[in-house]
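Peer 1: no FASTA, just this:
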């Protein structure tokens with residue numbers, strides 16, 4: 001539902017232009033005639049009960065968060081059957097769109113530290129983001145860092161609720177491996193996604209990529225493989241920072257950082273020790289071509305079957321689909337078993 005410029009919502013918010021979109025809906029730059037300011041408006045694309053629940057969850061999660069590095073929510077409502085959220089409008093670009101030639105290793109770390117400040121606050125407020133990725137981090141024209149799109153957010157106290165676990169949602173390249181196993185995830189899952197983001201910024205590549213770029217191969221990589229050290233791709237990365245990234249990307253959540261504060265302290269120690277090193281001011285490498293495909297939502301992933309191992313691939317995919325169905329119906333143990341069987345089948349592809 002692409003709303004034309006000039007459309008007015010709730011007799012107050014006049015659409016100026018469409019500025020983005022995702023699985024849940026489109027985002028527009030609007031003018032708020034009530035407070036005479038520009039705002040961003042997310043309009044829900046689908047009106048199913050499940051999508052409405054997720055939409056309200058996003059509004060509720062974001063409305064509780066008042067932090068300089070989190071996009072603020074001002075209002076939520078419905079007009080002519082269209083559900084919408086009114087948010088702070090940030091004039092700038094996402095991390096996906098930055099001019100990497102103007103960014104250094106030190107600058108990249110500063111951005112990630114501000115993202116972590118937002119996550120530390122959100123976690124303290126009992127909210128998980130669950131979809132940290134370059135497209136959800138904005139750099140404003142005045143150099144502020146803003147985390148947005150809590151559309152997959154869950155209250156930490158609710159992660160044991162079976163109706164909210166076992167379903168894989170998110171963006172493929174940034175999901176922690178436990179999510180592929182049907183787990184709801186916790187704070188360490190958000191930190192894993194930060195690890196992928198940091199790895200990508202500093203190397204120009206994703207830690208896990210597959211030629212087929214399909215769901216099954218990506219799942220296997222995240223669950224069973226160890227990524228190539230970031231320092232092997234960019235030797236200017238300090239060794240201590242390389243160790244931090246490796247710890248963030250550990251497949252076992254118990255071996256990652258305990259929380260955002262511990263990670264912040266570790267990164268600040270690296271920054272303090274490396275600030276005088278000329279390598280700290282080296283430019284970020286250009287992105288690998290795979291980064292251009294990294295924003296694909298999981299539900300939109302290509303499921304093309306490779307010519308070799310076609311029957312095994314089909315079996316793995318079928319098992320994954322059964323796991324997702326079990327997760328949607330709250331059968332967590334059954335979902336996890338299907339995911340494990342899918343991984344075992346895919347190993348033969």
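Peer 2: Thanks, I have it. Being a predicted model, the structure only gives us computed values, none of them experimental.

Peer 1: Do a quick rundown of the strands in this protein.
Peer 2: Per DSSP state E, the chain carries strands over the ranges 8-9, 13-21, 25-32, 37-44, 73-79, 82-88, 92-94, 127-128, 137-140, 145-147, 154-155.

Peer 1: Give the partner strands of the longest one in its sheet and their orientations.
Peer 2: Meaning strand 13-21. If you go by DSSP bridges, strand 13-21 pairs up with strand 8-9 (antiparallel), strand 25-32 (antiparallel).

Peer 1: and if you look at the fourth one?
Peer 2: As defined by DSSP bridges, the strand partners of strand 37-44 come to strand 25-32 (antiparallel), strand 82-88 (antiparallel).

Peer 1: hang on, the earlier thing: compile the strands of the chain into TSV and extend it with columns for distance to residue 180 and mean pLDDT.
Peer 2: No exception for glycine: its C-beta is placed from N, CA and C like everyone else's. Formatted as TSV, the strands of the chain follow (distance: least, Cβ to Cβ, whole Å; pLDDT from 0 to 100):
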stretch	distance to residue 180	mean pLDDT
strand 8-9	38	94
strand 13-21	26	92
strand 25-32	26	93
strand 37-44	27	92
strand 73-79	30	88
strand 82-88	29	89
strand 92-94	25	93
strand 127-128	17	88
strand 137-140	23	95
strand 145-147	23	96
strand 154-155	17	59
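
Peer 1: Of all the ones you listed, which one is nearest residue 334?
Peer 2: With Cβ to Cβ as the criterion, residue 334 lies closest to strand 154-155 of those, at 20.7 Å.

Peer 1: The strands paired with strand 37-44: which one's closest to residue 101?
Peer 2: Of all the strands paired with strand 37-44, strand 25-32 sits nearest to residue 101, with 27.2 Å by Cβ to Cβ.

Peer 1: which residue sits closest to residue 206, ignoring its sequence neighbours?
Peer 2: In this structure, residue 206 finds its nearest non-sequential neighbour in residue 173, 5.2 Å apart by Cβ to Cβ, 6 or more residues apart in numbering.

Peer 1: still on that earlier bit, for the strands of the chain, which one sits closest to residue 229?
Peer 2: Smallest distance to residue 229 across the strands of the chain (Cβ to Cβ): 23.8 Å, for strand 137-140.

Peer 1: Show me what the closest one is in contact with.
Peer 2: Residues from elsewhere that reach strand 137-140 (Cβ atoms under 8 Å, 6 or more residues apart in numbering): 71, 90-95, 98, 111, 115, 145-148, 197.

Peer 1: Kindly report the same for stretch 3-20.
Peer 2: With Cβ under 8 Å, 6+ apart as the criterion, stretch 3-20 contacts 2, 26-34, 38-41, 43, 77, 79, 82, 84, 86.

Peer 1: Would you write a PyMOL line that selects the buried entries of those?
Peer 2: Under the burial definition 16 or more other Cβ atoms under 10 Å, those of the contacts of stretch 3-20 that qualify are selected in PyMOL by:
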select buried, resi 26+27+28+29+30+31+32+39+40+41+43+82+84+86
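
Peer 1: and the strands of the chain as TSV, adding distance to residue 316?
Peer 2: Listed next are those as TSV, based on distance: least, Cβ to Cβ, whole Å:
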stretch	distance to residue 316
strand 8-9	44
strand 13-21	31
strand 25-32	32
strand 37-44	33
strand 73-79	40
strand 82-88	36
strand 92-94	33
strand 127-128	28
strand 137-140	32
strand 145-147	34
strand 154-155	27
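
Peer 1: Residue 250: which of these is closest?
Peer 2: Of the strands of the chain, nearest to residue 250 by Cβ to Cβ is strand 127-128, at 18.5 Å.

Peer 1: who does that closest one touch, helix- and strand-wise?
Peer 2: Contacts defined by 3 or more Cβ pairs under 8 Å, 6 or more residues apart in numbering; DSSP states H and E place strand 127-128 against strand 154-155, helix 187-203.
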